[in-house]
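Enquirer: Structure here, sequence nowhere to be found:
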């Protein structure tokens, strides 16, 4: 979602994805922990944070895709 819509607040992600706030919060914490998502202050409303993909996100996605191809290749 962040890849297509750009930076969003947690509330924006909840509204766009129709997932629960708890699920989105958990996912954002995990993604931030592994360096895929970055959290910044949302200046329009300092009570909220703005989430966006990091520069590492495309590299990690590609590495995962490449790893998946190798497994599929070797399983034959």
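Expert: Received the coordinates, thanks. Since this is a predicted model, take the numbers as computed values, not measurements.
Enquirer: And the strands in the protein?
Expert: 8-9, 37-41, 49-53 (DSSP state E).
Enquirer: Give the pairing partners of the shortest one; include direction for each.
Expert: Spelled out, it's strand 8-9. Strand pairing for strand 8-9, using DSSP bridges, gives strand 49-53 (antiparallel).
Enquirer: Now do the buried residues in the partner strand.
Expert: 49-51, 53 (16 or more other Cβ atoms under 10 Å). Quick note: C-beta positions are derived from backbone N, CA and C, even for glycine.
Enquirer: same thing with stretch 19-31?
Expert: By neighbour count on 16+ other Cβ under 10 Å, the buried set for stretch 19-31 is 24, 28, 31.
Enquirer: Now do it: everything it contacts.
Expert: The contact list for stretch 19-31 (Cβ atoms under 8 Å, 6 or more residues apart in numbering) reads 10-11, 13-14, 17, 37, 39, 51.
Enquirer: which of those residues are buried?
Expert: 10, 13-14, 37, 51.
Enquirer: Just give me the closest of those to residue 4.
Expert: Comparing those against residue 4 with Cβ to Cβ places residue 13 closest, at 11.9 Å.
Enquirer: and the residue most central in space within the chain, bridged to which residues?
Expert: The residue lying closest to the centre of the chain (Cα atoms, centre = their mean) is residue 37, at 5.0 Å. Beta-bridge pairing for residue 37 (DSSP bridges): residue 53.
Enquirer: ok, residue 5 - contacts?
Expert: With Cβ under 8 Å, 6+ apart, residue 5 has these contacts: 12, 16.
Enquirer: got a list of what residue 2 touches?
Expert: Contacts of residue 2 by Cβ under 8 Å, 6+ apart are 8, 13, 37, 51-53.
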